[in-house]
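[1] Task: produce atomic coordinates for the following.
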Amino acid sequence: MRRVWIACVCLTGVSCADRYNGRPPHPTTGTVLVNGEPAGGATVVFHHVGDWGPRSIVPQAVTGADGRFVLSTYELEDGAPAGEYRVTIEWPAYRLKKLGPDKLGGKFAKPETSDLTARVNKGKNDLPPFDLKARVVEHKKP
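    Okay, the predicted model is just below:
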C-alpha cells in the first residue's frame, strides 16, 4: 500500500511539473498602433520561431480600444512562453454579427510574410509598441 501511495505522489508531482510541457507562460503585454493611432479590436497572434512539434503553442490576444493587449496561451491573460516569435496582426472591420475584411489588407496577416517579430523573456514583458505603417482600408457596410 505504501508503494502505491508513493507512486501516486511521484506521478502527481511529474504531471504538475509538466503542466506546460516545459514552456511556462510569462506575463506579456503590448500595444498595437496603426499610423500612430490605437488599433482597437485587432487580433495579435505570436507564432514561435523554431520547431516545438505538432503541439505548437500560439499565444494570442485582441486589443482593447486603447490598442493594448495581454497575451493568452493556456489560460486567459497568462502570457506567453519565453522565446522568439513572428507576429501577425489583423484588424477586422466589424459588421453586424460577423467580422469583416482585414482593414490592413492582409499586410501583416501571415507569419511567412509578416516582418513583425518579438522576444518574450522569462519574467514580466512589456513589449515595445507595434506601430504599423499601413493604408487603412475602410470597408463599406453592406
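[2] Now do stretch 126-135: everything it contacts.
    28-36, 39, 44, 67, 87, 89, 104-105, 107-108, 116, 118 (CB atoms under 8 Å, 6 or more residues apart in numbering). Any C-beta I mention is one placed from the backbone N, CA and C, and that applies to glycine too.
[3] just the buried members of these?
    Neighbour-count burial (16 or more other CB atoms under 10 Å) is assigned, among the contacts of stretch 126-135, to 28, 30-34, 39, 44, 67, 87, 89, 104, 107-108, 116, 118.
[4] Determine which two of these are furthest apart.
    Among these, the pair separated by the greatest distance (CB to CB) is 28 and 107, at 23.0 Å.
[5] Quick check: of the buried ones among the contacts of stretch 126-135, which lies closest to residue 56?
    Residue 56 lies nearest to residue 87 out of the buried ones among the contacts of stretch 126-135, by CB to CB, at 14.9 Å.
[6] how about that closest one, secondary structure?
    Judged by DSSP: H, G, I helix; E, B strand; the rest coil, the three-state class of residue 87 is strand.
[7] From what I see, it and residue 47 are in contact.
    Yes - the criterion here is CB atoms under 8 Å, and residue 87 meets it with residue 47 at 7.4 Å.
[8] With adjacent residues omitted, what lies nearest to the spatially most central residue of the chain?
    Closest residue to the average C-alpha location of the chain: residue 60 at 2.4 Å, with CA atoms, centre = their mean. Nearest non-adjacent residue to residue 60, counting by CB to CB, 6 or more residues apart in numbering: residue 45, 4.5 Å away.
[9] Over to that neighbour. Which of the three states is it?
    The three-state label given to residue 45 by three-state DSSP is strand.
[10] who's it bridged to?
    residue 60, residue 88 (DSSP bridges).
[11] tally of neighbours for it?
    Residue 45: 19 surrounding residues under other CB atoms under 10 Å.
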